[in-house]
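J.: all I have is the shape, not the residue letters:
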């Protein structure tokens, strides 16, 4: 059984047989299954946490571990961070504000 089910969204499954799904079941941090919302109840049990994506898009296991520590330390005030931004409108507002603060070139 899964410990997390995301449903009601668009899941990029990265599976040639089924490249997109509306739900995903996860166990111990690994993808257990992808499929339709109707298929996921079979993978839930009492302790399974469920999240309704409300039509949003999820890409499982998208991690960016690419870092430039020296550059980040020298110019962190000019780096635009996207973590914790709740909406596209907020992200665009943050980008605009950062562009105003960033010196040329």
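T.: Cool, got the structure. None of these values were measured; they are calculated from a predicted model.

J.: going by C-alpha atoms from here, please, whenever you check contacts or count neighbours.
T.: OK.

J.: so which helix or strand of this protein has the lowest pLDDT on average?
T.: helix 69-75 (a mean of 60; mean pLDDT, DSSP states H and E).

J.: what residue spans form the domains of this structure?
T.: Domain assignment for the chain by automatic domain parsing gives 4-58, 69-101.

J.: any chance of TSV for those, columns mean neighbour count?
T.: What follows is the domains of the chain, written out as TSV (neighbours: other Cα atoms under 10 Å):
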stretch	mean neighbour count
domain 4-58	16
domain 69-101	11
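
J.: pLDDT weak spots in this structure?
T.: Along the chain, segments meeting pLDDT under 70 span 62-65, 67-79.

J.: where exactly do the strands run in it?
T.: Assigned strands in the chain, in chain order: 4-7, 10-12, 20-21, 23-27, 30-35, 49-52, 57-58 (criterion: DSSP state E).

J.: distance to residue 89 added to those, as JSON lines?
T.: What follows is the strands of the chain, written out as JSON lines (distance: least, Cα to Cα, whole Å):
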{"stretch": "strand 4-7", "distance to residue 89": "24"}
{"stretch": "strand 10-12", "distance to residue 89": "20"}
{"stretch": "strand 20-21", "distance to residue 89": "25"}
{"stretch": "strand 23-27", "distance to residue 89": "25"}
{"stretch": "strand 30-35", "distance to residue 89": "29"}
{"stretch": "strand 49-52", "distance to residue 89": "21"}
{"stretch": "strand 57-58", "distance to residue 89": "16"}
